[in-house]
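Asks: Here's a sequence, model it:
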Amino acid sequence: MLEITAKHVGRLCFSAFLSLGFILSGIVATSSHADGRGALYVTNAGDSSVTILDGTNYGPIDRIRVGEGTQAVAFRPLGNQVWTANRKSRNLSVIDISTQTVIATVALGGRPEALLFDPFLPFLYVVDSINNVLVILDLDTSTVVKRISVGTHPIGISISPHHDVLAVTNHHDGTVSLIERQSLQVIEQIPVGRNPANLVFSEDGNSLFVTFHNGVAVIDTNHHQTKRVLNDCPQPHDLDLVANRTHLYVSCHLTNQLLIYNASTGTLVNRLTIGHRPTGITVSEDGRWIFVANSSDHTVSIVNTRTQQLETTALVGQHPMAVAVTNPSTKPVLFKHSSVDVPELNRKGIATLPGSTEQLGTKLGLATILLGIPAVLGIASLRKRRKHRSRHANNSR
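Replies: Residues are numbered from 1 along each chain as shown. This is a model prediction of the structure:
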(Lines give C-alpha, C1' and ligand atoms only; values in the text may rest on other atoms or scores of the structure.)
Protein backbone atom coordinates (compact mmCIF):
# COMPACT_ATOMS: atom_id res chain seq x y z
CA MET A 1 0.00 0.00 0.00
CA LEU A 2 1.22 3.48 -0.92
CA GLU A 3 2.39 5.39 2.13
CA ILE A 4 2.25 9.18 1.88
CA THR A 5 4.51 11.06 4.23
CA ALA A 6 4.51 14.73 5.18
CA LYS A 7 7.47 15.22 2.85
CA HIS A 8 5.42 13.83 -0.05
CA VAL A 9 2.53 16.14 0.80
CA GLY A 10 4.89 19.11 0.88
CA ARG A 11 6.30 18.25 -2.52
CA LEU A 12 2.82 17.79 -3.99
CA CYS A 13 1.68 21.12 -2.58
CA PHE A 14 4.75 22.89 -3.95
CA SER A 15 4.21 21.36 -7.41
CA ALA A 16 0.55 22.31 -7.35
CA PHE A 17 1.45 25.84 -6.29
CA LEU A 18 3.78 26.14 -9.28
CA SER A 19 1.06 24.79 -11.55
CA LEU A 20 -1.37 27.31 -10.15
CA GLY A 21 1.11 30.08 -10.91
CA PHE A 22 1.43 28.99 -14.52
CA ILE A 23 -2.34 28.66 -14.93
CA LEU A 24 -3.27 31.93 -13.33
CA SER A 25 -0.49 33.73 -15.19
CA GLY A 26 -2.73 33.45 -18.21
CA ILE A 27 -5.20 35.76 -16.49
CA VAL A 28 -2.69 38.57 -17.02
CA ALA A 29 -2.83 38.78 -20.78
CA THR A 30 0.42 37.85 -22.45
CA SER A 31 0.79 37.03 -26.10
CA SER A 32 3.41 35.52 -28.35
CA HIS A 33 2.67 36.12 -32.00
CA ALA A 34 3.59 33.67 -34.72
CA ASP A 35 3.10 32.94 -38.41
CA GLY A 36 3.46 36.58 -39.41
CA ARG A 37 0.58 37.72 -37.24
CA GLY A 38 0.82 40.56 -34.78
CA ALA A 39 -1.96 41.83 -32.52
CA LEU A 40 -5.17 42.96 -34.21
CA TYR A 41 -6.60 46.42 -33.52
CA VAL A 42 -10.28 46.72 -34.42
CA THR A 43 -12.11 50.07 -34.45
CA ASN A 44 -15.65 49.91 -33.06
CA ALA A 45 -17.70 52.85 -34.35
CA GLY A 46 -20.72 51.92 -32.23
CA ASP A 47 -19.04 52.35 -28.85
CA SER A 48 -16.04 54.51 -29.80
CA SER A 49 -13.48 51.95 -28.75
CA VAL A 50 -10.68 49.76 -30.07
CA THR A 51 -10.69 46.04 -29.37
CA ILE A 52 -7.26 44.38 -29.27
CA LEU A 53 -7.17 40.72 -30.29
CA ASP A 54 -4.30 38.32 -29.77
CA GLY A 55 -2.77 37.45 -33.13
CA THR A 56 -2.42 33.75 -32.37
CA ASN A 57 -5.74 32.61 -30.90
CA TYR A 58 -7.75 35.81 -31.50
CA GLY A 59 -8.89 36.16 -27.91
CA PRO A 60 -9.67 39.69 -26.66
CA ILE A 61 -6.70 41.25 -24.89
CA ASP A 62 -7.95 44.74 -24.14
CA ARG A 63 -10.53 47.36 -25.01
CA ILE A 64 -9.52 51.02 -25.24
CA ARG A 65 -11.70 54.12 -25.36
CA VAL A 66 -10.83 56.44 -28.26
CA GLY A 67 -12.61 59.31 -30.01
CA GLU A 68 -16.27 59.22 -31.04
CA GLY A 69 -17.29 57.39 -34.20
CA THR A 70 -13.90 55.80 -34.71
CA GLN A 71 -13.54 54.64 -38.28
CA ALA A 72 -10.17 53.96 -39.87
CA VAL A 73 -7.09 52.56 -38.14
CA ALA A 74 -3.42 52.38 -39.17
CA PHE A 75 -0.24 50.96 -37.66
CA ARG A 76 2.89 53.10 -37.52
CA PRO A 77 5.83 50.66 -37.36
CA LEU A 78 8.57 53.19 -36.54
CA GLY A 79 6.66 54.78 -33.71
CA ASN A 80 5.26 51.55 -32.27
CA GLN A 81 1.86 53.20 -32.42
CA VAL A 82 -1.65 52.65 -33.72
CA TRP A 83 -3.65 55.66 -34.92
CA THR A 84 -7.42 55.87 -35.31
CA ALA A 85 -9.56 58.32 -37.28
CA ASN A 86 -12.57 59.45 -35.25
CA ARG A 87 -15.31 60.86 -37.49
CA LYS A 88 -17.74 62.25 -34.92
CA SER A 89 -15.21 63.84 -32.58
CA ARG A 90 -13.21 64.99 -35.64
CA ASN A 91 -9.81 64.01 -34.30
CA LEU A 92 -7.19 61.27 -34.26
CA SER A 93 -6.29 59.01 -31.34
CA VAL A 94 -2.72 57.77 -30.86
CA ILE A 95 -2.30 54.44 -29.04
CA ASP A 96 1.04 53.33 -27.61
CA ILE A 97 1.06 49.57 -28.21
CA SER A 98 3.58 48.93 -25.42
CA THR A 99 1.15 50.21 -22.78
CA GLN A 100 -2.14 49.94 -24.70
CA THR A 101 -3.14 53.47 -23.74
CA VAL A 102 -4.08 56.59 -25.67
CA ILE A 103 -1.08 58.90 -25.40
CA ALA A 104 -2.29 61.74 -27.61
CA THR A 105 -5.33 63.18 -29.36
CA VAL A 106 -4.76 65.19 -32.53
CA ALA A 107 -7.44 67.70 -33.54
CA LEU A 108 -7.72 68.37 -37.28
CA GLY A 109 -10.89 70.43 -37.55
CA GLY A 110 -12.36 68.30 -40.33
CA ARG A 111 -13.83 64.81 -40.52
CA PRO A 112 -11.10 62.16 -40.84
CA GLU A 113 -12.15 59.14 -42.89
CA ALA A 114 -8.96 57.28 -43.78
CA LEU A 115 -5.30 57.16 -42.72
CA LEU A 116 -2.08 56.25 -44.51
CA PHE A 117 1.50 56.48 -43.22
CA ASP A 118 4.17 57.46 -45.73
CA PRO A 119 6.59 54.53 -46.23
CA PHE A 120 9.69 56.74 -46.01
CA LEU A 121 8.86 60.19 -44.64
CA PRO A 122 7.45 61.03 -41.19
CA PHE A 123 4.14 61.97 -42.82
CA LEU A 124 0.60 60.85 -42.15
CA TYR A 125 -1.97 61.30 -44.91
CA VAL A 126 -5.47 61.98 -43.56
CA VAL A 127 -8.55 62.04 -45.80
CA ASP A 128 -10.89 64.86 -44.69
CA SER A 129 -14.40 64.38 -46.11
CA ILE A 130 -15.93 67.67 -44.91
CA ASN A 131 -13.28 70.00 -46.32
CA ASN A 132 -12.65 67.84 -49.42
CA VAL A 133 -8.91 67.73 -48.83
CA LEU A 134 -6.05 65.36 -48.20
CA VAL A 135 -4.22 66.55 -45.09
CA ILE A 136 -0.47 65.88 -44.76
CA LEU A 137 0.58 65.79 -41.12
CA ASP A 138 4.27 65.97 -40.12
CA LEU A 139 4.63 63.47 -37.26
CA ASP A 140 7.91 64.93 -36.02
CA THR A 141 6.54 68.43 -35.51
CA SER A 142 2.82 67.59 -35.16
CA THR A 143 2.00 70.24 -37.73
CA VAL A 144 0.03 70.22 -40.97
CA VAL A 145 2.42 70.41 -43.92
CA LYS A 146 -0.19 70.81 -46.61
CA ARG A 147 -3.86 70.43 -47.51
CA ILE A 148 -4.48 69.15 -51.03
CA SER A 149 -7.87 69.81 -52.60
CA VAL A 150 -9.39 66.68 -54.15
CA GLY A 151 -12.95 65.73 -55.16
CA THR A 152 -16.19 65.93 -53.19
CA HIS A 153 -16.42 63.93 -49.96
CA PRO A 154 -13.18 61.89 -50.17
CA ILE A 155 -13.18 58.73 -48.04
CA GLY A 156 -10.46 56.28 -49.18
CA ILE A 157 -6.72 56.34 -49.90
CA SER A 158 -4.02 54.05 -51.28
CA ILE A 159 -0.41 54.31 -52.43
CA SER A 160 1.15 52.71 -55.51
CA PRO A 161 3.69 49.87 -55.07
CA HIS A 162 6.40 52.18 -56.46
CA HIS A 163 5.42 54.79 -53.84
CA ASP A 164 5.15 57.53 -56.42
CA VAL A 165 1.37 58.04 -56.62
CA LEU A 166 -1.37 58.48 -54.04
CA ALA A 167 -4.97 57.70 -55.00
CA VAL A 168 -8.04 59.10 -53.20
CA THR A 169 -11.69 58.12 -53.78
CA ASN A 170 -14.24 60.94 -53.93
CA HIS A 171 -17.54 59.43 -52.83
CA HIS A 172 -19.99 62.14 -53.90
CA ASP A 173 -18.66 63.03 -57.35
CA GLY A 174 -17.75 59.49 -58.45
CA THR A 175 -14.07 60.09 -59.15
CA VAL A 176 -10.58 59.08 -58.06
CA SER A 177 -7.88 61.74 -57.57
CA LEU A 178 -4.31 60.77 -58.45
CA ILE A 179 -1.65 62.73 -56.55
CA GLU A 180 2.07 62.75 -57.28
CA ARG A 181 3.72 61.90 -53.99
CA GLN A 182 6.90 63.94 -54.52
CA SER A 183 5.26 67.20 -55.59
CA LEU A 184 2.00 66.63 -53.68
CA GLN A 185 0.07 67.85 -56.70
CA VAL A 186 -3.11 66.38 -58.21
CA ILE A 187 -2.19 65.00 -61.63
CA GLU A 188 -5.49 63.41 -62.68
CA GLN A 189 -9.16 63.10 -61.76
CA ILE A 190 -10.56 59.80 -63.09
CA PRO A 191 -14.32 59.16 -63.36
CA VAL A 192 -15.26 55.79 -61.85
CA GLY A 193 -18.96 55.55 -61.10
CA ARG A 194 -21.40 56.11 -58.28
CA ASN A 195 -20.07 56.26 -54.70
CA PRO A 196 -16.46 55.02 -54.95
CA ALA A 197 -15.19 53.98 -51.51
CA ASN A 198 -11.96 52.03 -51.11
CA LEU A 199 -9.12 51.17 -53.45
CA VAL A 200 -5.87 49.26 -53.88
CA PHE A 201 -3.14 49.15 -56.53
CA SER A 202 -2.09 45.99 -58.38
CA GLU A 203 1.38 44.56 -57.80
CA ASP A 204 2.85 46.29 -60.87
CA GLY A 205 0.93 49.52 -60.31
CA ASN A 206 -0.66 49.37 -63.76
CA SER A 207 -4.13 48.74 -62.36
CA LEU A 208 -6.17 50.31 -59.60
CA PHE A 209 -9.08 48.39 -58.08
CA VAL A 210 -11.88 50.62 -56.73
CA THR A 211 -15.09 49.60 -54.94
CA PHE A 212 -18.16 51.56 -56.05
CA HIS A 213 -21.94 51.14 -56.17
CA ASN A 214 -22.03 48.65 -59.05
CA GLY A 215 -19.02 46.50 -58.14
CA VAL A 216 -15.25 46.84 -58.48
CA ALA A 217 -13.84 49.12 -61.17
CA VAL A 218 -10.44 48.15 -62.60
CA ILE A 219 -8.67 51.33 -63.71
CA ASP A 220 -5.80 51.43 -66.18
CA THR A 221 -3.40 53.79 -64.39
CA ASN A 222 -1.39 54.43 -67.57
CA HIS A 223 -4.37 55.60 -69.61
CA HIS A 224 -6.43 56.86 -66.64
CA GLN A 225 -9.64 55.08 -67.54
CA THR A 226 -11.76 52.13 -66.40
CA LYS A 227 -10.96 49.00 -68.40
CA ARG A 228 -13.17 46.48 -66.59
CA VAL A 229 -15.90 46.19 -63.93
CA LEU A 230 -16.22 43.17 -61.63
CA ASN A 231 -19.96 43.15 -60.95
CA ASP A 232 -20.42 39.95 -58.92
CA CYS A 233 -20.75 41.96 -55.70
CA PRO A 234 -23.26 44.84 -55.55
CA GLN A 235 -22.16 47.73 -53.33
CA PRO A 236 -18.87 46.23 -52.10
CA HIS A 237 -17.21 47.96 -49.17
CA ASP A 238 -13.50 47.18 -49.02
CA LEU A 239 -10.85 45.16 -50.83
CA ASP A 240 -7.22 44.06 -50.62
CA LEU A 241 -4.62 41.97 -52.42
CA VAL A 242 -2.80 38.95 -50.96
CA ALA A 243 -0.47 36.08 -51.92
CA ASN A 244 2.04 38.16 -53.90
CA ARG A 245 -0.89 40.39 -54.87
CA THR A 246 -2.30 37.76 -57.23
CA HIS A 247 -5.67 37.37 -55.49
CA LEU A 248 -8.13 40.18 -54.83
CA TYR A 249 -10.41 39.89 -51.79
CA VAL A 250 -13.62 41.96 -51.74
CA SER A 251 -16.06 42.37 -48.84
CA CYS A 252 -19.68 42.31 -50.05
CA HIS A 253 -21.64 44.41 -47.60
CA LEU A 254 -25.14 43.43 -48.77
CA THR A 255 -24.66 39.69 -49.33
CA ASN A 256 -22.46 38.99 -46.27
CA GLN A 257 -19.76 37.42 -48.41
CA LEU A 258 -16.07 37.63 -49.17
CA LEU A 259 -15.33 37.30 -52.88
CA ILE A 260 -11.94 36.14 -54.16
CA TYR A 261 -10.78 37.12 -57.66
CA ASN A 262 -7.79 36.37 -59.81
CA ALA A 263 -6.29 39.87 -59.84
CA SER A 264 -4.82 39.49 -63.34
CA THR A 265 -7.85 38.13 -65.19
CA GLY A 266 -10.71 39.33 -63.00
CA THR A 267 -12.06 35.77 -62.78
CA LEU A 268 -14.11 34.95 -59.69
CA VAL A 269 -12.24 32.17 -57.85
CA ASN A 270 -14.26 31.67 -54.67
CA ARG A 271 -17.15 33.04 -52.65
CA LEU A 272 -17.18 32.71 -48.85
CA THR A 273 -20.03 33.41 -46.44
CA ILE A 274 -18.70 35.41 -43.48
CA GLY A 275 -20.27 37.75 -40.91
CA HIS A 276 -23.18 40.14 -41.24
CA ARG A 277 -22.49 43.40 -43.13
CA PRO A 278 -18.72 43.02 -43.68
CA THR A 279 -16.73 46.24 -43.93
CA GLY A 280 -12.96 46.71 -43.59
CA ILE A 281 -10.38 44.17 -44.81
CA THR A 282 -6.76 43.76 -43.69
CA VAL A 283 -4.07 41.23 -44.63
CA SER A 284 -1.46 39.76 -42.27
CA GLU A 285 2.16 40.65 -42.98
CA ASP A 286 2.93 37.22 -44.42
CA GLY A 287 -0.23 37.20 -46.54
CA ARG A 288 -1.57 34.01 -44.95
CA TRP A 289 -4.58 35.56 -43.25
CA ILE A 290 -7.39 37.93 -44.15
CA PHE A 291 -9.23 39.80 -41.39
CA VAL A 292 -12.70 41.18 -42.12
CA ALA A 293 -14.72 43.39 -39.76
CA ASN A 294 -18.43 42.52 -39.71
CA SER A 295 -20.31 45.62 -38.62
CA SER A 296 -23.75 44.20 -37.78
CA ASP A 297 -22.83 41.13 -35.72
CA HIS A 298 -19.85 42.74 -33.96
CA THR A 299 -17.26 40.21 -35.12
CA VAL A 300 -14.08 39.79 -37.14
CA SER A 301 -13.81 36.91 -39.62
CA ILE A 302 -10.38 35.29 -39.98
CA VAL A 303 -9.84 33.65 -43.39
CA ASN A 304 -6.95 31.35 -44.32
CA THR A 305 -5.67 32.51 -47.71
CA ARG A 306 -4.01 29.15 -48.45
CA THR A 307 -7.21 27.14 -48.09
CA GLN A 308 -9.49 30.10 -48.91
CA GLN A 309 -11.74 29.05 -46.04
CA LEU A 310 -13.09 30.76 -42.95
CA GLU A 311 -10.80 29.76 -40.08
CA THR A 312 -12.57 31.29 -37.09
CA THR A 313 -14.59 34.28 -35.89
CA ALA A 314 -13.65 36.68 -33.08
CA LEU A 315 -16.03 38.82 -31.04
CA VAL A 316 -15.19 42.52 -30.76
CA GLY A 317 -17.04 45.75 -29.90
CA GLN A 318 -20.09 47.44 -31.36
CA HIS A 319 -20.20 48.07 -35.11
CA PRO A 320 -16.57 47.28 -36.06
CA MET A 321 -15.35 49.11 -39.15
CA ALA A 322 -11.65 48.47 -39.72
CA VAL A 323 -8.73 46.26 -38.66
CA ALA A 324 -5.00 46.97 -38.36
CA VAL A 325 -2.32 44.35 -37.70
CA THR A 326 0.90 45.19 -35.87
CA ASN A 327 4.25 43.62 -36.69
CA PRO A 328 4.64 40.06 -35.39
CA SER A 329 6.81 39.56 -32.34
CA THR A 330 8.57 36.51 -30.93
CA LYS A 331 8.60 37.96 -27.42
CA PRO A 332 5.68 37.87 -24.99
CA VAL A 333 4.00 41.26 -24.61
CA LEU A 334 2.21 42.39 -21.47
CA PHE A 335 -1.04 44.16 -22.19
CA LYS A 336 -2.41 46.56 -19.60
CA HIS A 337 -5.95 47.83 -19.45
CA SER A 338 -6.69 51.43 -20.35
CA SER A 339 -7.26 53.77 -17.43
CA VAL A 340 -10.61 54.70 -18.96
CA ASP A 341 -13.11 51.86 -18.58
CA VAL A 342 -15.25 50.98 -21.57
CA PRO A 343 -18.62 49.68 -20.36
CA GLU A 344 -19.82 46.51 -22.04
CA LEU A 345 -22.89 47.34 -24.14
CA ASN A 346 -25.85 45.09 -24.81
CA ARG A 347 -24.75 42.34 -27.18
CA LYS A 348 -28.12 40.87 -28.15
CA GLY A 349 -27.66 37.50 -29.79
CA ILE A 350 -23.91 37.58 -29.20
CA ALA A 351 -22.16 35.05 -26.99
CA THR A 352 -20.01 35.96 -24.00
CA LEU A 353 -16.62 37.32 -24.97
CA PRO A 354 -14.18 34.40 -25.16
CA GLY A 355 -11.24 34.59 -22.81
CA SER A 356 -13.00 36.56 -20.10
CA THR A 357 -15.12 35.04 -17.33
CA GLU A 358 -15.41 31.64 -18.97
CA GLN A 359 -11.67 31.12 -19.27
CA LEU A 360 -11.11 32.59 -15.83
CA GLY A 361 -13.61 30.13 -14.36
CA THR A 362 -11.92 27.24 -16.11
CA LYS A 363 -8.50 28.30 -14.85
CA LEU A 364 -9.70 28.74 -11.29
CA GLY A 365 -11.54 25.42 -11.44
CA LEU A 366 -8.45 23.61 -12.67
CA ALA A 367 -6.32 25.35 -10.07
CA THR A 368 -8.76 24.27 -7.35
CA ILE A 369 -8.50 20.67 -8.52
CA LEU A 370 -4.70 20.80 -8.53
CA LEU A 371 -4.58 22.32 -5.07
CA GLY A 372 -7.35 20.06 -3.83
CA ILE A 373 -5.53 16.83 -4.69
CA PRO A 374 -2.57 17.37 -2.33
CA ALA A 375 -4.89 18.84 0.28
CA VAL A 376 -7.07 15.70 0.29
CA LEU A 377 -4.02 13.46 0.29
CA GLY A 378 -2.54 15.44 3.15
CA ILE A 379 -5.70 15.17 5.26
CA ALA A 380 -5.88 11.41 4.59
CA SER A 381 -2.24 11.05 5.65
CA LEU A 382 -2.81 12.99 8.89
CA ARG A 383 -5.86 10.89 9.76
CA LYS A 384 -3.87 7.68 9.17
CA ARG A 385 -1.04 8.91 11.42
CA ARG A 386 -3.50 9.89 14.18
CA LYS A 387 -5.16 6.45 14.06
CA HIS A 388 -1.73 4.82 14.23
CA ARG A 389 -0.79 6.92 17.28
CA SER A 390 -4.13 6.17 18.94
CA ARG A 391 -3.68 2.41 18.48
CA HIS A 392 -0.11 2.63 19.78
CA ALA A 393 -1.29 4.50 22.88
CA ASN A 394 -4.05 1.93 23.56
CA ASN A 395 -1.57 -0.94 23.23
CA SER A 396 0.76 0.79 25.69
CA ARG A 397 -2.02 0.86 28.25
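
Asks: Okay, now the unreliable bits of this protein?
Replies: Residues of the chain meeting the criterion pLDDT under 70: 1-37, 243, 328-397.

Asks: Tell me the helix or strand right after the helix or strand harbouring Ile290.
Replies: Using DSSP states H and E, Ile290 sits within strand 289-294. Per DSSP H and E, strand 289-294 leads on to strand 299-304 as the next helix or strand towards the C-terminus.

Asks: who's in contact with Ala114?
Replies: Shown in contact with Ala114 (CB atoms under 8 Å, 6 or more residues apart in numbering): Gln71, Ala72, Ala85, Val126, Val127, Ile155, Gly156, Ile157. All C-beta atoms are positioned from the backbone trio N, CA, C, and that covers glycine.

Asks: Could you measure from the nearest residue to Asn231 once chain neighbours are set aside over to Asn262?
Replies: Of all residues not flanking Asn231 in the chain, Gly215 sits nearest, at 3.8 Å (CB to CB, 6 or more residues apart in numbering). Gly215 is 15 Å from Asn262, where distance means CB to CB, to the nearest Å.

Asks: Adjacent strands (with direction) for the helix or strand harbouring Val145?
Replies: Using DSSP H and E, Val145 sits in strand 143-149. Sheet pairing of strand 143-149 (DSSP bridges) gives strand 133-138 (antiparallel).

Asks: can you pull the buried residues of the partner strand?
Replies: Val133, Leu134, Val135, Ile136, Leu137 (16 or more other CB atoms under 10 Å).

Asks: so the first one touches Lys146, yeah?
Replies: The reference is to Val133. No: using CB atoms under 8 Å, Val133 makes no contact with Lys146, being 9.1 Å away.

Asks: list residues touching both of the two?
Replies: By CB under 8 Å, 6+ apart, no residue touches both Val133 and Lys146.

Asks: Identify the residues contacting stretch 98-112?
Replies: Contacts of stretch 98-112 (CB under 8 Å, 6+ apart): 52, 61-62, 64-67, 71-72, 80-81, 85-87, 90-96, 126-131, 133, 135, 137, 142, 144, 333, 335-340.

Asks: Start and end of it, how far apart?
Replies: Start-to-end span of stretch 98-112 (CA to CA, to the nearest Å) is 25 Å.

Asks: Now restrict the contacts of stretch 98-112 to buried residues only.
Replies: Using 16+ other CB under 10 Å as the burial test, those include 52, 61-62, 64-67, 71-72, 81, 85-87, 90-95, 126-129, 133, 135, 137, 333, 335, 338 as buried.

Asks: Confirm His162 sits in a strand?
Replies: No: with DSSP: H, G, I helix; E, B strand; the rest coil as the criterion, His162 is located in coil rather than a strand.

Asks: Which residues are in contact with it?
Replies: Counted by CB under 8 Å, 6+ apart, His162 has contacts Gly205.

Asks: Can you give me the distance of it to His319?
Replies: As judged by CB to CB, His162 and His319 stand 36 Å apart.

Asks: swap in Leu139?
Replies: Leu139 is 29 Å from His319, by CB to CB.

Asks: Then Val325?
Replies: Taken as CB to CB, the span from Val325 to His319 is 20 Å.

Asks: repeat for His253
Replies: 13 Å.

Asks: now do Val292
Replies: Relative to His319, and taking CB to CB, Val292 is found at 14 Å.

Asks: Who has more neighbours out of those two?
Replies: Counted by other CB atoms under 10 Å, Val292 and His319 do not tie: Val292 has more neighbours, with 27 against 21.

Asks: so the more buried one touches Leu258, yeah?
Replies: Yes: Val292 lies in contact with Leu258 (CB under 8 Å); the separation is 6.0 Å.

Asks: Can you pull the residues that touch both of those two?
Replies: Joint contacts of Val292 and Leu258 (CB under 8 Å, 6+ apart) are Ser251, Ile274, Pro278, Ile281, Ser301, Val303.

Asks: need the contact list for the second one.
Replies: Think Ile274. Ser251, Asn256, Gln257, Leu258, Val292, Asn294, Ser301, Val303, Leu310.
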